[in-house]
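K.L.:
Sequence below, structure please.
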Amino acid sequence: QVQLVESGGGLEQAGGSLRLSCAASGRTFSGYAMGWFRQAPGKEREFVAAIRRSGTVTYYADSVKGRFTISRDNAENMVYLQMNDLKPEDTAVYYCAADSHLPGGSSQWRAYDYWGQGTQVTVSS
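P.N.:
As a prediction, the model looks like this:
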């Protein structure tokens, strides 16, 4: 089992940057692929990015490709989401999630076993 705690959200202007962090506790963090999802009010939970257990492979939603970067530090049990060139449509609660089944993770939120409580990101125009 793993517990996840996100941090780093806040209010930023369009074009700015934020870095989200997700701290994982529990054993064998490197045994989980990790993902970031987001959910805006009135909308479904949306895939943002995922990273393989080893950290060697990443993939992104088209809406964030080239602007966001997911990374992980298995020694520190951390996963990060660097968000650059933020847009108002990036406003949402951002969640990190852990997937124990697929080495590369998934873009489907139902594939993930564990979730953090979320951190709010608000981008003003």
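
K.L.:
ok, the residue positioned nearest the centre of the chain - contacts?
P.N.:
Nearest residue to the geometric centre of the chain (C-alpha atoms, centre = their mean): W36, 2.2 Å. W36 makes contacts with L20, C22, V48, A49, A50, I70, V79, L81, Y94, Y95, C96, A97, as judged by C-beta atoms under 8 Å, 6 or more residues apart in numbering. The C-beta positions use only the backbone N, C-alpha and C, and glycine is treated the same way.

K.L.:
now S25
P.N.:
Applying C-beta under 8 Å, 6+ apart, the residues near S25 are V2, Q3, V5, N77.

K.L.:
at 10 Å what do you get?
P.N.:
Contacts for S25 (C-beta atoms under 10 Å, 6 or more residues apart in numbering) come out as Q1, V2, Q3, L4, V5, N77.

K.L.:
same check, this time on Q120
P.N.:
Counting by C-beta under 10 Å, 6+ apart, Q120 has contacts E6, G9, G10, L11, T91, A92, V93, Y94.

K.L.:
and if we set it to 7 Å?
P.N.:
G9, V93 (C-beta atoms under 7 Å, 6 or more residues apart in numbering).

K.L.:
which SS class is it?
P.N.:
strand (DSSP: H, G, I helix; E, B strand; the rest coil).

K.L.:
How about it: which residues does it bridge to?
P.N.:
V93 (DSSP bridges).

K.L.:
go on, W36?
P.N.:
Residues in a beta bridge with W36, per DSSP bridges, are A49, C96.

K.L.:
Which pLDDT does the model give it?
P.N.:
Turning to W36, the model gives it a pLDDT of 98.

K.L.:
separation between it and R27?
P.N.:
Distance, W36 to R27, by C-beta to C-beta, to the nearest Å: 22 Å.
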